[in-house]
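Trainee: The following comprises the amino acid sequence and a computationally predicted model.
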Amino acid sequence: AEEQTLSIIKPDAVGDNHIGAIVARFEEAGLKVVALKMLQLTRAQAEGFYAEHEGRPFFPSLVEFMMSGPVCVQVLQGDNAIVRNRELMGATNPEEAEAGTIRADFATAVSANAVHGSDSPESAAREIDYFFNSQEIYPR
Ligand code: CMP
């Protein structure tokens with residue numbers, strides 16, 4: 001089914017000048033960029049976005065990392081977009097990511113893994129709403 005999913009190009013990949021290469025992966029795979037913006041997250045924004053991970057040992061460093069520089073957030077649209085984006089990203093840990101995936105090619109560590117993607121329809125809805133209002137999304 002046609003879906004929308006939230007993608008974040010994280011501070012490591014933005015800093016390494018990989019925005020265009022990563023967006024090209026999405027477009028070449030047939031996912032459409034229907035919303036896009038760059039921003040530097042506040043602590044409150046980073047903590048709220050990752051609220052489900054609060055209490056995990058990596059949570060404080062995750063929040064610091066996500067605030068460490070600008071990110072690029074996108075809404076991707078397409079058939080089965082949530083799963084397809086996760087296939088394009090590869091495993092959370094780049095050491096486990098299949099060759100040719102975004103994380104295998106652009107990430108350096110599980111804590112600096114280049115991209116985030118929604119993991120379910122419920123999280124996609126929440127995460128899209130977290131960053132975009134309906135007037136900022138251009139479905140096509
Ligand atoms: P992401 O898909 O953005 O969702 C949560 C993030 O926590 C994850 O990607 C990783 O970048 C980060 N993280 C840091 N350390 C760990 C860890 N040990 N296990 C899982 N995720 C981690």
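Mentor: Sure, I can see it.

Trainee: For the helix or strand containing Val14, C-alpha coordinates in PDB please.
Mentor: Taking DSSP states H and E as the criterion, Val14 maps to helix 11-15. Provided in PDB are the C-alpha atoms of helix 11-15 (Å, rounded to 0.1, in the frame of the first residue of the first chain):
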ATOM      1  CA  PRO A  11      24.500  14.900  12.000                       C
ATOM      2  CA  ASP A  12      27.300  12.600  11.000                       C
ATOM      3  CA  ALA A  13      26.100  12.200   7.500                       C
ATOM      4  CA  VAL A  14      25.200  15.900   7.100                       C
ATOM      5  CA  GLY A  15      28.700  16.800   8.400                       C
END
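
Trainee: pLDDT (mean, whole number) over that helix?
Mentor: Averaged over helix 11-15, pLDDT sits at 98.

Trainee: With stretch 18-38 instead?
Mentor: 98.
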